[in-house]
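Participant: quick one, what's the 3D model for this:
(one chain, ligands or ions: 1)
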Amino acid sequence: SELSYARYGKDNIRLYKVDKNEKTGVQTVVEQTVCTLLEGDIDVSYTKADNSPIVATDTQKQTTYVLAKQNPIDPPEQFAAILGEHFVKTYPHIHAAHVKIIQHRWTRMNIDGKPHPHSFYRDSDEIRVVEAVTRENQGVTIRSKIEKLLVLKSTGSAFHGFHRDEFTRLPETWDRILSTEVEAGWKWKTFQNVAEVKKIDFNAAWEKARNITLKTFAEDNSASVQATMYKMCDLILAAVPEVDTVDYALPNKHYFEIDLSWYKGLKNTGKDATVFAPQSDPNGLIYCTVSRK
Ligand SMILES: O=c1[nH]c(=O)c2nn[nH]c2[nH]1
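Facilitator: Numbers count the residues shown, from 1 in each chain. This next block holds a predicted model:
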């Protein structure tokens, strides 16, 4: 046998950082879950039980905490690039670092109509995700993501004109519920170093991608999940010039009509449908990646 590929590190490094503005008394919090994985001249630790090249996963965890203290951790794209560059530059035998950061939501409370200086709540399971790969002498590639953003519209969605044959039972519809849990990603141009990364407003880009997703979902008179997600990609590419490609993975979370005509002729189908059965499975699953012409 031979070792064909390896990377290793620490997953689920939980990290919280507070910024305290002494002048205003306003405090701001960020919470992340970090994964660092290293590649390099580490084969003998697998094939010869020689641990000498191993930068212990605990060392990677300690490094993450120290660099979080010494550097901003928001935007997560920048912190991921800082971590990656540290590992590749510090250890001559480490040639690549994969850093994944999940940023959790702490939304500032509004109390009596005013933003509270130091209180927050978890307003949904939605997460912001960053996947960065730093490779020695090749810069850093970064993909930013929105995950677990659950949306539903009660109308403004149709699905008709699709292929029909002897296996097709699905009726055409001009008015349906549309619900999905958004997984959106945007891949940045390759950055040569952290200095280049620091020039990008990643938070603005995330805000634009999230707002475009919600606005397009709400306003598009959707002909299908496919058609609506393509419009989202097109608008994000137009809004963020430094992004090379945009991708979506959208489950179609179905809500089925319930025929109640057995009960005294109760009308609850078609235009009379108001009571539906939300389906946990099976679900449609639609992918796309859109790039610049
Ligand atoms: O938007 C949709 N796209 C599809 O491909 C599909 N298939 N069944 N229902 C569907 N809805």
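Participant: and the helices in the stretch 101-250 of the chain?
Facilitator: Using DSSP state H, counting those that start in this stretch, the helices of the stretch 101-250 of the chain run over residues 194-197, 202-219, 225-239.
Participant: most distant residue from the centre of the protein?
Facilitator: Relative to the centre of the chain, and counting by CA atoms, centre = their mean, the farthest-placed residue is residue 264 at 48.1 Å.
Participant: what's the neighbour count on the residue of the stretch 1-150 of the chain found nearest the ligand?
Facilitator: With distances taken as CB to the nearest ligand atom, the stretch 1-150 of the chain approaches the ligand most closely at residue 150, which sits 16.9 Å away. No exception for glycine: its C-beta is placed from N, CA and C like everyone else's. Residue neighbour count, defined by other CB atoms under 10 Å, stands at 12 for residue 150.
Participant: next one: residue 91
Facilitator: For residue 91, the count of nearby residues is 16 (other CB under 10 Å).
Participant: in space, what's closest to it - neighbours in sequence excluded?
Facilitator: In space, not counting the residues next to it along the chain, residue 91 is nearest to residue 55; the distance is 5.8 Å by CB to CB, 6 or more residues apart in numbering.
Participant: ok, now which ones touch the residue farthest from the centre of the chain?
Facilitator: Going by CB atoms under 8 Å, 6 or more residues apart in numbering, residue 264 touches no other residue.
Participant: which strand or helix spans it?
Facilitator: Taking DSSP states H and E as the definition, residue 264 sits outside all helices and strands.
Participant: and the gap between it and the ligand?
Facilitator: For residue 264, the distance to the ligand (CB to the nearest ligand atom, to the nearest Å) stands at 32 Å.
Participant: again with residue 204
Facilitator: With the distance defined as CB to the nearest ligand atom, residue 204 ends up 31 Å from the ligand.
Participant: number of nearby residues for that residue?
Facilitator: Residues contacting residue 204 under the criterion other CB under 10 Å number 12.
Participant: try residue 125
Facilitator: For residue 125, the tally of surrounding residues (other CB under 10 Å) stands at 12.
Participant: quick one: contacts of the host helix or strand of residue 64?
Facilitator: Using DSSP H and E, residue 64 maps to helix 57-70. Contacts of helix 57-70 from elsewhere in the structure, counted by CB under 8 Å, 6+ apart, are 8-10, 13, 15, 17, 34, 36, 38, 79, 82-83, 86-87.
Participant: hey, C-alpha coordinates of it in PDB?
Facilitator: As requested, C-alpha coordinates have been extracted for helix 57-70 and formatted as PDB (Å, rounded to 0.1, in the frame of the first residue of the first chain):
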ATOM      1  CA  THR A  57      -4.100  19.100  16.500                       C
ATOM      2  CA  ASP A  58      -4.000  20.600  20.000                       C
ATOM      3  CA  THR A  59      -1.300  23.000  18.800                       C
ATOM      4  CA  GLN A  60      -3.600  24.000  15.900                       C
ATOM      5  CA  LYS A  61      -6.400  24.700  18.400                       C
ATOM      6  CA  GLN A  62      -4.100  26.800  20.700                       C
ATOM      7  CA  THR A  63      -2.800  28.700  17.600                       C
ATOM      8  CA  THR A  64      -6.400  29.400  16.600                       C
ATOM      9  CA  TYR A  65      -7.100  31.000  20.000                       C
ATOM     10  CA  VAL A  66      -3.900  33.000  20.000                       C
ATOM     11  CA  LEU A  67      -4.400  34.400  16.500                       C
ATOM     12  CA  ALA A  68      -8.100  35.100  17.400                       C
ATOM     13  CA  LYS A  69      -6.800  37.200  20.300                       C
ATOM     14  CA  GLN A  70      -4.200  39.000  18.100                       C
END
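Participant: which residues touch the residue lying closest to residue 132 once chain neighbours are set aside?
Facilitator: Closest residue in space to residue 132, ignoring its immediate chain neighbours: residue 80 at 3.8 Å, by CB to CB, 6+ apart. Under the criterion of CB under 8 Å, 6+ apart, the contact list for residue 80 reads 99, 100, 101, 130, 131, 132, 142.
Participant: now name the helix or strand holding residue 80.
Facilitator: In this assignment (DSSP H and E), residue 80 forms part of helix 76-90.
Participant: between that helix and helix 57-70, how big is the angle?
Facilitator: Using axes from the mean of the first three to the mean of the last three CA atoms, to 10 degrees, the direction of helix 76-90 lies 120 degrees away from that of helix 57-70.
Participant: low-confidence stretches in the protein?
Facilitator: Applying pLDDT under 70 to the chain flags no residue at all.
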